[in-house]
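Colleague: Turn this into a model:
(one chain, ligands or ions: 1)
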Amino acid sequence: MTRMAIFASGSGSNFQAIVDACRSGALDAVPALLICDKEDAIVVNRAKAEAVPSFVFTPKSYKNKKEFESEILLQLEKHKIDFLVLAGYMRLIGSTLLTAYKGKIVNIHPSLLPAFPGLDAIGQAISYGVKLTGVTIHFVDEGMDTGPIIAQKALEIEPNDTQETLQQKIHKIEHEYYPQTLQQIFSNKGEKIIR
Ligand code: GRF
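Modeller: Okay, the predicted model is just below:
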């Protein structure tokens, strides 16, 4: 079974959905490690409650990205991690991890990429006034939300949607769609959906 490290910086509702899918048998994988760059993030408590080991680090206490990613790499090796799943990890992945896990890192982004990459994609979509947005799952490369797209799901923005209501709708999609897509990738059906 694929051993995943989930990378997250915040509330970790996607972390939770992925762990739940593993526990229920919907996702044939092991949530073997949480990597988190914020000591007080809610996701750290979720990992504790689920007995998922975590590596929580403070980026500022390292000289640079190469240094903390080397430390992360040691943890990934220690926990025999096969695949990296980014779920609200608020940093770009650097060359140390990209090289070690080439083609084995995915991310979820709350827009229909290439529209609205980067921070606050939901706010960006509302401000722009688009009528359609959604969720994208993609392989990770050195850019900001730029890697090859694996799967996308669209969602209409209603006239009375606010940042809050749209975020709720997007989260609901993400929580079903991310575990499902991971399952497809791990069961080698990924080829069909990857361009
Ligand atoms: C999600 O909307 C995801 O698409 C984005 O960050 C958010 C993380 O939310 N990359 P959560 O921490 O999983 O609740």
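
Colleague: can you give me phi and psi for residue 13?
Modeller: Backbone dihedrals for residue 13, given as degrees, to the nearest 10, come out at phi -70, psi -30.

Colleague: same deal with residue 34?
Modeller: According to degrees, to the nearest 10, residue 34 has phi -100, psi 130.

Colleague: who's it bridged to?
Modeller: As for beta bridges, residue 34 partners with residue 6, residue 54 under DSSP bridges.

Colleague: Would you mind measuring from it to residue 128?
Modeller: As judged by C-beta to C-beta, to the nearest Å, residue 34 and residue 128 stand 33 Å apart. To be clear about C-beta, it is placed using only N, CA and C from the backbone, and glycine gets the same treatment.

Colleague: separation between residue 174 and the ligand?
Modeller: 6 Å (C-beta to the nearest ligand atom, to the nearest Å).

Colleague: Pretty sure that residue sits in a helix.
Modeller: Yes. Membership of residue 174 in a helix is supported by DSSP: H, G, I helix; E, B strand; the rest coil.

Colleague: Let the chain start at 739 from now.
Modeller: Noted, 739 is the first residue going forward, which turns the last one into residue 912.

Colleague: Surely residue 917 and residue 764 touch.
Modeller: Yes. At 6.1 Å, residue 917 and residue 764 qualify as touching, with contact defined as C-beta atoms under 8 Å.

Colleague: Compare these two (neighbour count), which wins?
Modeller: residue 917 (22 against 14; other C-beta atoms under 10 Å).

Colleague: count of neighbours near residue 900?
Modeller: The number of residues packed near residue 900 is 11, by other C-beta under 10 Å.

Colleague: ok now do it, which residues does it touch?
Modeller: Residues near residue 900 by C-beta atoms under 8 Å, 6 or more residues apart in numbering: residue 864.

Colleague: okay, now residue 926: neighbour count?
Modeller: Neighbour tally, residue 926, other C-beta under 10 Å: 8.
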